[in-house]
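A.B. asks: Have a look; sequence and predicted model below, questions after that.
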Amino acid sequence: MELIGKLKKQHLIVNEYAHQIESEIDKANPNIGHLVELLSIFSASLLFHLNVEDMELYLKMESYTHNSPTLVSLFEQYQKTMFGLKDTLLDYASKYSDPLTIEMNFSVFREETEAILNLLSRRIEREESEFYPLIEEILRKLANEPKAIP
């Protein structure tokens, strides 16, 4: 599925910015201005990815799986965690958009950043190891089903 490939590429971009943020935070004297820049790009990339999942993936899969309560439940579960992550990210990005806030509370910033990046890492790992393969399997089965002739 073309969409899954696109989502995986977005994961690579988000992970690259997450890595750059972690590297900057770990420096003896982190460049706060650069961190704010990285956070802005990271947040925008991740929000874009979450919106693509919501608008393209979940809506598309909803139409394919409406006859399967198990699959509907699974997709709803992923959507709920997505909205939780999106809300957490929006709060975080808003809180740390100002360099002075980061500088004045660097240890709290570091702690919250590490928590968000760990949460994100687990989610991406789960999507790529469980969720996306399931979607690809569903779509393969649907593609191989005989079409009803009207």
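C.D. replies: Good, I have the coordinates.
A.B. asks: Average the pLDDT values over the host helix or strand of residue 111 and round to the nearest integer.
C.D. replies: Assessed by DSSP states H and E, residue 111 sits inside helix 106-126. For helix 106-126, mean pLDDT is 94.
A.B. asks: which helices and strands sit right next to that helix?
C.D. replies: Judged by 3 or more C-beta pairs under 8 Å, 6 or more residues apart in numbering; DSSP states H and E, helix 106-126 is in contact with helix 2-25, helix 69-95. Just so you know, the C-beta spots here come from the backbone N, C-alpha and C atoms, and that holds for glycine as well.
A.B. asks: where does this structure have low pLDDT?
C.D. replies: Applying pLDDT under 70 to the chain picks out residues 1, 82-83, 146-150.
A.B. asks: What is the distance between stretch 26-38 and the centre of its chain?
C.D. replies: In terms of C-alpha atoms, centre = their mean, to the nearest Å, the gap separating the centre of stretch 26-38 from the centre of its chain is 23 Å.
A.B. asks: do stretch 87-99 as well
C.D. replies: How far stretch 87-99 lies from its chain's middle: 16 Å, per C-alpha atoms, centre = their mean.
A.B. asks: Buried residues of it, list them for me.
C.D. replies: In terms of neighbour count (16 or more other C-beta atoms under 10 Å), stretch 87-99 has its buried residues at 89, 92-93, 96.
A.B. asks: swap in stretch 25-38?
C.D. replies: Across stretch 25-38, burial judged by 16+ other C-beta under 10 Å covers 25, 30, 32, 35-36, 38.
A.B. asks: List every C-alpha atom in that stretch, with coordinates, as PDB.
C.D. replies: Extracted in PDB, the C-alpha atoms of stretch 25-38 (Å, rounded to 0.1, in the frame of the first residue of the first chain):
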ATOM      1  CA  ILE A  25      20.100  18.000  24.900                       C
ATOM      2  CA  ASP A  26      23.000  15.800  25.800                       C
ATOM      3  CA  LYS A  27      25.600  18.400  25.000                       C
ATOM      4  CA  ALA A  28      27.400  20.100  27.900                       C
ATOM      5  CA  ASN A  29      26.200  23.500  26.700                       C
ATOM      6  CA  PRO A  30      23.200  22.900  24.400                       C
ATOM      7  CA  ASN A  31      22.300  25.600  21.900                       C
ATOM      8  CA  ILE A  32      18.800  26.600  23.100                       C
ATOM      9  CA  GLY A  33      18.000  28.600  19.900                       C
ATOM     10  CA  HIS A  34      18.900  25.500  17.800                       C
ATOM     11  CA  LEU A  35      16.700  23.300  20.200                       C
ATOM     12  CA  VAL A  36      13.700  25.600  19.600                       C
ATOM     13  CA  GLU A  37      14.300  25.300  15.900                       C
ATOM     14  CA  LEU A  38      14.500  21.500  16.000                       C
END
